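Asker: what follows is a predicted structure for the sequence shown.
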Amino acid sequence: MTTPPETMPPAPHPAAPAPRAEVMRIAAYVGGEGRLEGVNRVIKLSSNEGAFGPPPGAMAAYTKVASEIFRYPDGASSALRAAIGQRHGLDPARIVCGTGSDELIGHLCHIYGGAGTDILMSMHGFTMYQIAGTYAGSRVIKVPERNLTTDVDALLANVTEATRIVFVANPNNPTGSLLAQAEMERLRAGLRPDILLAIDAAYAEYVEDPDYDPGVALVDAGDNTVMLRTFSKIYGLGGMRVGWAYAPAGVIDAINRVRGVFNVNIAAQAAAVAALAEPGWVEKGREHNARAKARLSAALQQAGIKVWPSHGNFFLADFATPARAAAADASLRARGLIVRAMGAYDLPHCLRITVGTDEECGLVAEALTAFMHTQQHG
Ligand SMILES: *Cc1c(COP(=O)(O)O)cnc(C)c1O
């Protein structure tokens, strides 16, 4: 008998604990990379993190809380919910905080989904819905889009007796597309009242469309719509893991029964409260994003790359073929620039580029312009 090399996982004992079948059907989420072999300065534009790092006040609050970290946090995140309520004009009793909005997506799937139920999402919607829905035991149905935009008619056409939740990211990640408020209202009106509509507005702060509503009006209009928000994008706190939901009382009550009792840690609560109080932070982020996104998009189009319009702090660059997108990705990596490959989103011909600082956007423009030059002439 030969000894297997140490890197091989041991063969499972036939009686080893077996995960539920649906667990093994889940492809683990692959986050944006942040490291490149042999490159000193890596510029990470792969996870839609805000362009300016964390708010200075949030960093100060994080440091200040250090002597308190032996204490359990406030399990109700009371101060944070009050601050969110104040900032957005919402009742704190209708807010629940989570370890990122990812935690809340998971709870919704387990609370309202499960074996024998369907969860609907759009074809190029956020992967977490598929992972969380499958884990809960639901069948997750990916509904075709039109022009890389959620198709309300297609969603409604896929509703069955078994449908329990419809997830819509608005704006959507990774496509950047936005559904008009009238379309969101038409979707809600077309769904049975017992179907939960989960509106994921992770990029709400970046939207410039004056008609945009991140979901508040639809939450207020009934007992069956939830709005999800996050501190991971414009607020620059992805590493702290803070998200929140604004929801009808019944949904809040259900989540509070099952969420991690101390789900938002003491440093995360302090940093998020301070981030909300940072003067001009959101305005600065939104204004920079609009300007830098337009400039970078124009530069790429100038270089002959198709760019999909986006309402978030990222956009899809469309290279027409998977091979060309992979070659573009390789040439970016050679310069230390990491963007997001889109194979997992069924868009292998695209790369998703996060809008960084002006300098970072300039480097992307330069790299892709040079890349396109090699494509045309070599
Ligand atoms: C980034 C993102 C989130 C945020 O997830 P967190 O767990 O709060 O960091 C949620 N939904 C979408 C569509 C996202 O792109």
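Answerer: Received it, and whenever you're ready, just let me know what you need.

Asker: phi, psi for Asp209 please.
Answerer: Geometry field for Asp209 lists phi and psi as phi -60, psi 120, criterion degrees, to the nearest 10.

Asker: an error on my part: the question was meant for Phe52.
Answerer: Dihedral angles phi and psi of Phe52 (degrees, to the nearest 10) take the values phi -110, psi 20.

Asker: how about the contacts made by it?
Answerer: Applying CB atoms under 8 Å, 6 or more residues apart in numbering, we find Phe52 in contact with Gly236, Lys284, Gly285, His288, Thr357. (Each C-beta comes from the backbone N, C-alpha and C, glycine too.)

Asker: can you check Arg20 too?
Answerer: For Arg20, counting by CB under 8 Å, 6+ apart, the contacting residues are Gly137.

Asker: now, the contacts of Phe52 that are in helices?
Answerer: Here DSSP state H is the test, and the contacts of Phe52 give Lys284, Gly285, His288 as lying in helices.

Asker: between the residues you listed, identify the one with the most neighbours.
Answerer: With neighbours set by other CB atoms under 10 Å, the maximum within the ones in helices among the contacts of Phe52 is found at Gly285, which has 22 neighbours.

Asker: so that residue makes contact with Gly53?
Answerer: No - applying CB atoms under 8 Å as the test, Gly285 and Gly53 come out as separate, 10.8 Å apart.

Asker: so what's the backbone phi/psi at the closest residue in space to Tyr246 that isn't next to it in sequence?
Answerer: Computed as CB to CB, 6 or more residues apart in numbering, the closest residue to Tyr246 that is not its neighbour in sequence is Met227, at 4.6 Å. The main-chain torsion angles of Met227 are listed as degrees, to the nearest 10 and equal phi -110, psi 130.

Asker: for Met227, name its beta-bridge partners.
Answerer: With beta bridges defined as DSSP bridges, Met227 has these partners: Ile199, Tyr246.

Asker: check contacts around it.
Answerer: Ile199, Ala201, Pro214, Gly215, Val216, Leu218, Val219, Ala245, Tyr246, Ala247 are the contacts of Met227 under CB under 8 Å, 6+ apart.

Asker: wait, Val168 sits on Leu197?
Answerer: Yes - using CB under 8 Å, Val168 makes contact with Leu197 at a distance of 7.1 Å.

Asker: in the chain, what helix or strand scores lowest on average pLDDT?
Answerer: Taking mean pLDDT, DSSP states H and E as the measure, the helices and strands of the chain show their lowest mean at helix 21-24, namely a mean of 90.

Asker: this structure: helices as residue ranges?
Answerer: For the chain, the helices identified by DSSP H occupy 21-24, 56-64, 78-88, 100-112, 127-136, 152-157, 181-190, 216-220, 249-258, 266-277, 281-302, 322-334, 358-377, in order along the chain.

Asker: any idea how many residues pack against the nearest residue to Val307 once chain neighbours are set aside?
Answerer: Once its chain neighbours are removed from consideration, Val307 has its nearest residue in Ser297; the separation is 4.6 Å (CB to CB, 6+ apart). Around Ser297 sit 21 other residues, with neighbours defined as other CB under 10 Å.
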